[in-house]
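Participant: I need the structure of the sequence given here:
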Amino acid sequence: MDDKHMQIGEVAARTELSLRTIRHYEETGLVTPSARSQGGFRLYAETDVARLMVIRRMKPLGFSLDQMRDLLDATDRLDNETGLDDNEREALLERVREYEQSATEQVDKLRIQLTRAEDFAGTLRARLPQTTPAQS
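Facilitator: Now for the predicted structure:
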């Protein structure tokens with residue numbers, strides 16, 4: 001195994017995803033290991049880790065597996081650009097813009113939820129008796 005490839009355990013540690021989740025993403029076609037070792041172990045490259053990080057960041061924003069697949073397809077095609085005419089390129093960019101807009105809207109909603117949760121925690125904290133640190 002060369003320095004460019006990692007086994008699934010290292011990828012799991014780097015992405016903070018479980019082995020099961022990474023395998024699930026492989027089964028659903030979201031990520032494919034770049035190679036296999038002679039023993040048949042999955043081997044991942046930095047590009048695979050970057051792809052998993054995109055998926056990981058989309059998940060809490062409520063994107064479906066199909067949406068993740070669609071965005072990854074669009075970005076893969078934009079990155080490879082071979083054979084794209086101007087219309088295809090613009091259509092792909094528009095897809096990415098739509099996902100960016102959806103992500104921004106979800107982030108705004110999450111900020112509101114976080115503010116409400118912090119307010120609630122503060123309300124509960126205010127109801128508790130204030131304690132002073134123990135004197136030594």
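
Participant: strands paired with the lowest-mean-pLDDT helix or strand in the chain, and their directions?
Facilitator: Least confident element among the helices and strands of the chain, by mean pLDDT, DSSP states H and E: strand 35-36 (a mean of 90). Next to strand 35-36 in the sheet, as set by DSSP bridges, lie strand 42-44 (antiparallel).

Participant: isn't residue 69 up against residue 30?
Facilitator: Yes - with contact defined as C-beta atoms under 8 Å, residue 69 reaches residue 30; the gap is 6.0 Å. All C-beta spots, glycine's among them, are computed from the backbone N, C-alpha and C.

Participant: need the contact list for the spatially most central residue of the chain.
Facilitator: Most central in the chain under C-alpha atoms, centre = their mean is residue 56, positioned 2.0 Å from the mean C-alpha point. Neighbouring residues of residue 56 by C-beta atoms under 8 Å, 6 or more residues apart in numbering: 15-17.

Participant: could I get the pLDDT score of it?
Facilitator: You'll see residue 56 listed with a pLDDT of 96.

Participant: quick one: it from residue 18, how far?
Facilitator: Counting by C-beta to C-beta, to the nearest Å, the gap between residue 56 and residue 18 amounts to 11 Å.

Participant: spell out which helix or strand contains residue 107, please.
Facilitator: Here residue 107, judged by DSSP states H and E, is contained in helix 86-127.

Participant: and residue 48, what does it touch?
Facilitator: 11, 31-34.

Participant: between those, which is closest to residue 99?
Facilitator: Comparing those against residue 99 with C-beta to C-beta places residue 31 closest, at 17.5 Å.

Participant: sounds good, over and out.
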